[in-house]
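Student: Quick one, what's the 3D model for this:
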Amino acid sequence: MISEENLKNAKTWLTDFFDADTKKEVQQLIDSNSEELNESFYKNLEFGTGGMRGTMGVGTNRINKYTLGKNTQGISNYLKKSFPNEELKVVIAYDCRHNSDTLAKVVADVFSANGIKVYLFSELRTTPELSFAVKHLDCQCGIVLTASHNPPEYNGYKVYWKDGGQIVPPQDNEIIKEIESLSFDAINFNADNSKINYIDKEVDEAFINASVENGSFGAKGKNDFSIVFTSLHGTSITVLPEVLKRAGYNNVHVVEEQRKPDGNFPTVKSPNPEEPEALAMAIKKADEINADMVIGTDPDSDRLGIAVRDNEGKMVLLNGNQTMLLMTRFLLDKWKKSDRINGNQFIASTIVSTPMMNVLAKSYKVEYKETLTGFKWIAKLIKDFPMQEFIGGGEESFGFMVGDFVRDKDAVTSSLLACEIASDAKAKGSSFYKDLLKCYEEFGLYREKLISITKKGISGAEEIKQMMIDLRENPIKVIDGSKVSYVEDYLSSTRINLLTGDKEGIDIPSSNVLIYYTEDGTKIAARPSGTEPKIKFYFSVKGNLDEVAHYNEETEKLDEKISRIIEELKLN
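Tutor: Numbers count the residues shown, from 1 in each chain. Just a heads-up that it's a prediction; the model follows:
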């Protein structure tokens, strides 16, 4: 049945302000598809950890020219209030997804109609280049049209502020209020094309040069290092091969079947380098030519997947925690050897990532800062602590950032960094994999796993909500035989000692996340996704590695422990 409120909302889209095709689609939903109409109009799309993301189609809960136009009108109004008497400038990029180019032009039209100067990339570009371009072009705001690694029917709209980072409090809530105060007929779609400037090669050159400068560390053995690269039909093909070439890597083999940008992502189930299947074609090619490393990036090129050869010569896909760990260790080593660590530096990660980042920071005598999931929070740390130097940091979901010339996760520079680590290790008789095992031997063996449970639609959202309520009202007391010592509730910003009953505050912005810590070092986090209809459970368990030769044996024990916990919590 169509709810009365949803039907009322849908009928407002039948007025003359909306174009004929939109009105036709809405009328068809009213006439014959009550479920889809309810899904399309029961709420407004919201900003999550990665901005606004959703299914394309008509309605307030869909990505279309009107929902994005309304966002853009609200941001235009907010910019005028925030930067009075300044020339307002915005830069816009878009990825390979269906309608990204046309939606980007709609966004440009609305900004220009409001008297704002627009820099619009003439073709698809990576998200890190958009972040870079905001500061490079001295803009107050940046927009990228992307849905990252979501399925083909999705698109999205990420908003960046003048520092090059995504919007954070208070800007995000203030912008949302501005948007929500508008009706759709307040959108000015009448473009002033004299204010729209198309950009490409000049910004590309600046970004490529900056990526090579920040990601190169004088690695040896480049001519003897073989790389297989796949863009997974996404945007990194526009820049990453050139970055690697200029950094001295001439033995790069592109997966030709996945070279062409294509919003259908025809060769993969999901264009997500977190999933082994996404890199299967690249790994097959690597085995055929005996390559040393596989690199795969998601459609907007902010996430990076890496596969390397293990001690038996088999290609293995590393997880985001492992890649982040070795990249951070490498950067810390370089800073230490050049005498640049003086106590005023920090690395950063997120509350659901590996605890090993904190261990690493202590060892190198730099500060470790931890924040919420989403790279906008890491970028905010750089803005909030301008007197400190940010070395690098990442999160478990395959994102990493080298320095602060880009203020978002950046698979372009991180790919180069990974090649520097691996080629240098190979030249010295080691490997990326062997260096990772040495980290575990030195700092402790940690094993992580992520489970995502998908719950679609209105009923799914309610199920996820109830799961979080149950975890709060009936906290777990024992996990795999070990007592839960602490529970951190980021919604109420409190840390509770379950053994003593003591409570203390958490100085991190409020978010719907729960984290359990046990006496034996186990960590379990529960978090509803901000951009997908999922609830995510993050597991981290700790062991010791007395020598590298025992790695497989010890990780098998930790994997078994994680499996027991998942079964105990009835999540399998």
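Student: Could you count how many residues lie near Pro276?
Tutor: Neighbours of Pro276 under the rule other Cβ atoms under 10 Å: 12. Just so you know, the C-beta spots here come from the backbone N, C-alpha and C atoms, and that holds for glycine as well.
Student: meant to ask about Leu569, not that
Tutor: Leu569 - counted by other Cβ under 10 Å - has 17 other residues nearby.
Student: any idea how far Pro355 is from it?
Tutor: With distances taken as Cβ to Cβ, to the nearest Å, Leu569 is found 20 Å from Pro355.
Student: go on, Ile524?
Tutor: Distance from Ile524 to Pro355, by Cβ to Cβ: 12 Å.
Student: between these two, who's got more neighbours?
Tutor: Taking other Cβ under 10 Å, Ile524 and Pro355 do not tie; Ile524 has more neighbours (25 against 19).
Student: Buried residues, stretch 420-431. List them.
Tutor: In terms of neighbour count (16 or more other Cβ atoms under 10 Å), stretch 420-431 has its buried residues at Glu420, Ile421, Ala422, Ser423, Asp424, Ala425, Lys426, Ser431.
Student: Helix, strand, or coil at the fifth one?
Tutor: When the structure is split into helix, strand and coil by DSSP: H, G, I helix; E, B strand; the rest coil, Asp424 lands in helix.
Student: Quickly find the element holding Ile120.
Tutor: Careful, residue 120 is Leu and not Ile. strand 117-121 (DSSP states H and E).
Student: can you tell me the average pLDDT over the following helix or strand past that strand?
Tutor: Note on strand 117-121: by DSSP H and E, the next helix or strand toward the C-terminus is helix 127-136. Helix 127-136 carries an average pLDDT of 98.
Student: quick revisit: on contacts alone, who are the packing partners of the strand holding Leu120?
Tutor: Counting contacts by 3 or more Cβ pairs under 8 Å, 6 or more residues apart in numbering; DSSP states H and E, strand 117-121 is packed against strand 89-94, helix 100-113, strand 196-199.
Student: Specify the angle between the first one and helix 127-136 in degrees.
Tutor: If you take axes from the mean of the first three to the mean of the last three Cα atoms, to 10 degrees, strand 89-94 sits at 170 degrees to helix 127-136.
Student: Next, the angle strand 117-121 makes with strand 89-94.
Tutor: Counting by the same axes, to 10 degrees, strand 89-94 lies at 20 degrees to strand 117-121.
Student: Extract the CA atoms of strand 89-94 and return them as CSV.
Tutor: Output of strand 89-94 as CSV, limited to C-alpha atoms (Å, rounded to 0.1, in the frame of the first residue of the first chain):
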residue,chain,number,x,y,z
LYS,A,89,34.6,29.5,-6.9
VAL,A,90,33.7,25.8,-7.1
VAL,A,91,35.4,22.9,-8.8
ILE,A,92,33.4,19.9,-10.0
ALA,A,93,34.6,16.4,-11.0
TYR,A,94,32.7,13.2,-11.9
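Student: strand partners of that strand, parallel vs antiparallel please.
Tutor: Here strand 89-94 has these sheet partners by DSSP bridges: strand 117-121 (parallel), strand 141-145 (parallel).
Student: Asn272: which of those is closest?
Tutor: If you check each of the strands paired with strand 89-94 against Asn272 by Cβ to Cβ, strand 141-145 wins as the nearest, at 17.8 Å.
Student: Could I get the average pLDDT for the closest one?
Tutor: 98.
Student: what's the answer for stretch 63-78, then?
Tutor: Averaging the model's pLDDT scores along stretch 63-78 yields 96.
Student: Measure how far it is from the centre of its chain, please.
Tutor: Here stretch 63-78 is found 23 Å from its chain centre; the criterion is Cα atoms, centre = their mean, to the nearest Å.
Student: Report the buried residues of stretch 148-162.
Tutor: 148-150, 152, 154-162.
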